[in-house]
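Chemist: Compute the structure for the input listed below.
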Amino acid sequence: MSLRIWHQSLTVLDDLGPYKDALAEHLQRVASPGTEIVLHGMRPGTYQSEYPGTDIRHYGLQALHGLQVIQAGLEAQREGYDAFAISTLPDTALRELRSLLTIPVVGYGESAMLTACLLGAKFSFLVFVQELGELVADNVRRYGLQERLCGISDVGFRFHDVLRAYDDPAPLIERFLAAARREIERGADVIIPGEVPLCVLLLTNGVTSVDGAPILDSLSCWVKHAEMLVGLQRQGISGSRRGIFRNPPAAERIEEVFRFYRDFL
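Modeler: Numbers count the residues shown, from 1 in each chain. From the prediction side, this is the model:
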C-alpha cells in the first residue's frame, strides 16, 4: 500500500540536528513498504525566548501554537497527504483537526495509550516536563482510559538534558530505567516515555524493555495506526461524522476564519 503521512512536530526541527536525524532514521525503519513519512516542524522563530518544554506547560500557549498545527493539517490535506500525525504527547489540536479534515488524524499520546492497553493491563507515563502530568491525565480521562492508568511521574531530567544525551546517552538512560522500575513497583506493566525526543533517544540506543515491561515505541504506534486508518478509509470505513466530528465546514469558511484572525492578531 502506497501512502504519505505528514509528520507534525511541535519543535522547530531544523534547530535540533541530531534529534531530527535520529527521528527520520527511526520513522523510515518502522514504516511499512510504500509508506512515506515527511517530517515537518514549527516555523523558524516560533520559540524565540523559550522552547516547547516550557511553552507546552501552559494551556494558553499550547492553544496558540495549535493554530500552526491546524494550518499544517489543512495544508497536508490540500497537498494530497493520506494521513496527518501529531507528534507530541499532549496531542495538540487533535480533536480540532479531526473535526476539520477528512483524512485520518492520529496523535502520539492517544496512539501510545491505546497500544499500551493491548500490551498490558496498566500503563505509566514518565515525563520530563513535570507540569505536563496534569494535561496528560486530562487526556487519559477524555479517552476513557482512567482504569488502565497506573501513574504519571516526573522522570527527573529536562528537555535540554535529553538533547545533550544524544552525544552521551548512558547516564540519562540509567536514570530513566530507575524511574521506570519505580513505576513497575507501583503496578505498571507498560512504560510510555513522555515526549518524542526521549522516545527516539531510547529507541536509538536499543532500550525497549525493563524487567519484562515493554518501553513503548510510541512513534511506531502512530505510524501503524495511521497506516491502518488509511487502509480502512480506502475500504470505505472512515471516522464518525456524528456530534462534535460532524461534517467539516466548507474550505472557504475555514480560510475566511483564518484570514480574520490573521488580521485580528
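
Chemist: Pull stretch 150-170 out as PDB, backbone CA atoms only.
Modeler: Taking Å, rounded to 0.1, in the frame of the first residue of the first chain, the C-alpha atoms of stretch 150-170 are listed here in PDB:
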ATOM      1  CA  CYS A 150      -1.100   3.400  36.800                       C
ATOM      2  CA  GLY A 151       0.700   6.700  37.100                       C
ATOM      3  CA  ILE A 152       2.400   9.700  35.600                       C
ATOM      4  CA  SER A 153       5.800  10.600  37.000                       C
ATOM      5  CA  ASP A 154       8.500  13.100  36.600                       C
ATOM      6  CA  VAL A 155      11.500  11.300  35.200                       C
ATOM      7  CA  GLY A 156      13.900  13.600  36.900                       C
ATOM      8  CA  PHE A 157      15.600  15.300  34.000                       C
ATOM      9  CA  ARG A 158      14.600  18.000  31.500                       C
ATOM     10  CA  PHE A 159      14.300  18.700  27.800                       C
ATOM     11  CA  HIS A 160      17.800  20.000  27.300                       C
ATOM     12  CA  ASP A 161      19.200  17.100  29.300                       C
ATOM     13  CA  VAL A 162      17.600  14.800  26.700                       C
ATOM     14  CA  LEU A 163      19.100  16.700  23.800                       C
ATOM     15  CA  ARG A 164      22.600  16.600  25.300                       C
ATOM     16  CA  ALA A 165      22.200  12.900  25.900                       C
ATOM     17  CA  TYR A 166      22.300  12.300  22.200                       C
ATOM     18  CA  ASP A 167      26.000  12.700  22.500                       C
ATOM     19  CA  ASP A 168      26.400  10.700  25.800                       C
ATOM     20  CA  PRO A 169      23.200   8.700  26.400                       C
ATOM     21  CA  ALA A 170      24.300   6.200  29.100                       C
END
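
Chemist: what's the neighbour count on the residue nearest to residue 209 when sequence neighbours are not counted?
Modeler: In this structure, residue 209 finds its nearest non-sequential neighbour in residue 215, 5.8 Å apart by C-beta to C-beta, 6 or more residues apart in numbering. All C-beta spots, glycine's among them, are computed from the backbone N, C-alpha and C. Residues within reach of residue 215, counting by other C-beta atoms under 10 Å, total 20.

Chemist: Now do the helix or strand that contains residue 153: which elements does it pack against?
Modeler: Here residue 153 is covered by strand 149-154, with elements defined by DSSP states H and E. The criterion is 3 or more C-beta pairs under 8 Å, 6 or more residues apart in numbering; DSSP states H and E, and the helices and strands that strand 149-154 contacts are strand 123-127, helix 132-142, helix 170-186.

Chemist: Report the secondary structure state of residue 19.
Modeler: Using DSSP: H, G, I helix; E, B strand; the rest coil, the structure places residue 19 in helix.

Chemist: Quick check: pLDDT value at the closest residue to it other than its chain neighbours.
Modeler: Spatial nearest neighbour of residue 19, excluding adjacent residues (C-beta to C-beta, 6+ apart): residue 197 at 5.4 Å. As predicted, residue 197 sits at a pLDDT of 86.

Chemist: residues contacting residue 69?
Modeler: By C-beta atoms under 8 Å, 6 or more residues apart in numbering, the contact list for residue 69 reads 8, 10, 86, 92-93, 97.

Chemist: May I have the phi/psi pair for the residue nearest to residue 209?
Modeler: Note on residue 215: its backbone torsions stand at phi -100, psi 110 [degrees, to the nearest 10].

Chemist: Verify the contact between it and residue 188 for me.
Modeler: No - using C-beta atoms under 8 Å as the test, residue 215 is too far from residue 188 to be in contact (10.8 Å).
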